[in-house]
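> Here's a sequence, model it:
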Amino acid sequence: MKASPVKIKKRLLSGGVSVFRYLMLIVIGYIVIYPLFYMLSGSIKPLEALLDVRFIWVPRHISFDYFKTAFEYLDFLPSLGRTFSLQIVSAFIEVFICAAIAYGFSRFEFRGKRIATAFLMLSLMVPLPMYSLSLSVNFRQLDFLGILGLFDRLTGVDLRLNIFDTDLVYWLPSLFGVGIRAGMLIYIYIQFFKGLPKELEDAAYVDGAGPLRTFLQIALPSSSVVIVTVTVLSIVWHWNENFLASLCFTNQTRPLSVMISQIEVPLHQDGLWLGTQPIANTIVFASCLLFIAIPLVLYLILQRKFVKSIDRVGITG
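Predicted coordinates:
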């Protein structure tokens with residue numbers, strides 16, 4: 001039995017849409033993956049292959065000498081340890097603290113909630129460089145509502161702390177829920193907790209559980225989906241952050257994000273001119289690959305759960 005012209009037209013239209021969709025995915029994938037392959041191809045070429053136009057993408061010989069050089073320029077192991085102790089620890093602190101703050105926003109009514117929500121939305125729009133000067137001053141003379149400054153003027157005894165060049169410049173804001181992109185994390189948590197069935201919490205209240213116990217034993221274990229999303233985002237945002245670290249750390253080993261943003265390849269090395277030549281670019285490529293290797297591996301491990309959590313949480317844009 002022959003298909004009707006209407007069915008044939010629908011099949012052709014459906015096939016055309018599918019072909020167009022796949023072409024768009026291929027184009028977008030190429031745009032996204034091209035820089036990664038370009039850096040990888042350039043960083044494994046030996047010196048004689050850098051100017052060989054016959055083999056652009058796949059060199060005849062592979063060399064990892066530029067990775068060794070980049071490893072030295074980045075001071076990789078100390079900087080990596082600094083990144084974990086400073087930024088990754090701060091990221092995990094923020095994941096838990098933002099969950100507690102968002103639970104309070106979504107489940108309780110309190111005086112000034114609308115004002116607090118307005119400040120939360122405002123924190124999403126104000127970038128760190130806009131208040132970096134006041135932030136650095138406060139870190140050098142840490143105070144609470146000006147009380148310690150008033151005590152200093154009255155008694156001459158300055159009790160204000162200087163937390164510059166210490167891990168507290170990351171940890172302290174995270175503990176108070178105002179760390180890097182904390183407003184966005186709180187907002188994501190709020191959207192999830194609003195959709196969490198209240199019957200679970202009501203049952204816990206009937207059994208005598210208080211708000212804190214309900215959060216720790218009911219709400220938080222039920223939030224594994226959104227926790228995956230928030231954890232991945234928080235780690236990536238902290239890993240890439242370099243403004244605060246370059247501002248507040250001057251005398252210590254700096255995180256990798258600062259080292260990669262301030263990497264300087266010497267103009268001469270072993271008699272070779274490196275200024276704007278391919279060798280200097282290749283060292284930068286190798287440094288970038290070393291920098292993104294750990295977050296890339298983390299995302300590949302959590303990719304399936306992350307995509308599912310994005311779908312469940314409902315984050316778009």
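> biggest helix in the chain by residues?
Longest helix in the chain by number of residues (criterion: DSSP state H): helix 5-43.
> and it, what does it pack onto?
Contacts defined by 3 or more CB pairs under 8 Å, 6 or more residues apart in numbering; DSSP states H and E place helix 5-43 against helix 65-73, helix 278-313. From N, CA and C alone the C-beta is placed, and that goes for glycine too.
> residues touching Trp237, list them.
Residues counted as contacts of Trp237 (CB atoms under 8 Å, 6 or more residues apart in numbering) are Ala91, Ile180, Arg181.
> Using the three-state scheme, assign the second one.
Put simply, Ile180 is coil when judged by DSSP: H, G, I helix; E, B strand; the rest coil.
> What about it, how many residues nearby?
When counting by other CB atoms under 10 Å, one arrives at 22 neighbours for Ile180.
> per-residue confidence at it?
pLDDT, Ile180: 89.
> who's in contact with it?
Ile180 sits next to Ser90, Glu94, Leu128, Pro173, Ser174, Ser234, Trp237, His238, Glu241, Leu244 when contact means CB under 8 Å, 6+ apart.
> and what of the last one?
Neighbouring residues of Arg181 by CB under 8 Å, 6+ apart: Leu233, Ser234, Trp237.
> Keep only those of those that are in helices.
Those of the contacts of Arg181 lying in helices (DSSP H): Leu233, Ser234, Trp237.
> okay, these in JSON lines with distance to Gly195 next?
Listed next are those as JSON lines, based on distance: CB to CB, whole Å:
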{"residue": "Leu233", "distance to Gly195": "19"}
{"residue": "Ser234", "distance to Gly195": "21"}
{"residue": "Trp237", "distance to Gly195": "24"}
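> so what's Asn251 scoring on pLDDT?
66.
> Tell me which residues touch the closest residue to Met39 other than its chain neighbours, please.
Nearest non-adjacent residue to Met39, counting by CB to CB, 6 or more residues apart in numbering: Phe285, 4.1 Å away. By CB under 8 Å, 6+ apart, the contact list for Phe285 reads Tyr38, Met39, Leu40, Gly42, Ser43, Tyr66.
> quick one, helices of the stretch 51-200 of the chain?
65-73, 76-83, 89-107, 113-125, 132-140, 147-155, 168-175, 182-194, 198-206 (DSSP state H, counting those that start in this stretch).
> Out of the ones you listed, flag the one nearest Leu302.
For these, distance to Leu302 was read as CB to CB. The smallest value, 13.6 Å, belongs to helix 89-107.
> Mind listing what's buried along that closest one?
89-91, 93-107 (16 or more other CB atoms under 10 Å).
> Equivalent analysis for stretch 119-134, please.
Using 16+ other CB under 10 Å as the test for burial, stretch 119-134 gives Leu120, Ser123.
> gap between the two ends of that stretch?
18 Å (CA to CA, to the nearest Å).
> and what of stretch 207-222?
Using CA to CA, one end of stretch 207-222 lies 18 Å from the other.
> Over to stretch 151-171?
OK, stretch 151-171 end separation, CA to CA: 26 Å.
> residues making contact with stretch 288-307?
Residues outside stretch 288-307 that contact it (CB under 8 Å, 6+ apart): 39-40, 43, 67, 70-71, 74, 76, 80, 228-229, 232, 235-236, 239, 256-257, 260.
> rank the helices and strands packed on helix 5-43 by pLDDT, which is bottom?
Among the helices and strands packed on helix 5-43, helix 278-313 scores lowest, with a mean of 76.
> Could I get the contacting residues of the residue nearest to Ser257 when sequence neighbours are not counted?
Leaving aside its chain neighbours, Ser257 sits nearest to Asn242 (3.9 Å; criterion: CB to CB, 6+ apart). By CB under 8 Å, 6+ apart, the contact list for Asn242 reads Pro255, Ser257, Val258, Ile260, Ser261.
> any idea of the mean pLDDT in stretch 198-215?
Stretch 198-215 shows a mean pLDDT of 82.
> gap between the most centrally placed residue in the chain and Val230?
Nearest residue to the geometric centre of the chain (CA atoms, centre = their mean): Trp237, 1.6 Å. Note on Trp237: its distance to Val230, by CB to CB, to the nearest Å, is 10 Å.
> what sits in contact with each of the two?
Counting by CB under 8 Å, 6+ apart, nothing touches both Trp237 and Val230.
> circling back: looking at the residue nearest to the centre of the chain now. What's its pLDDT?
pLDDT, Trp237: 91.
> and if you look at Ser106?
Confidence at Ser106, expressed as pLDDT, is 89.
> Please look at it and Phe193 and confirm they touch.
Yes. Using CB atoms under 8 Å, Ser106 makes contact with Phe193 at a distance of 3.8 Å.
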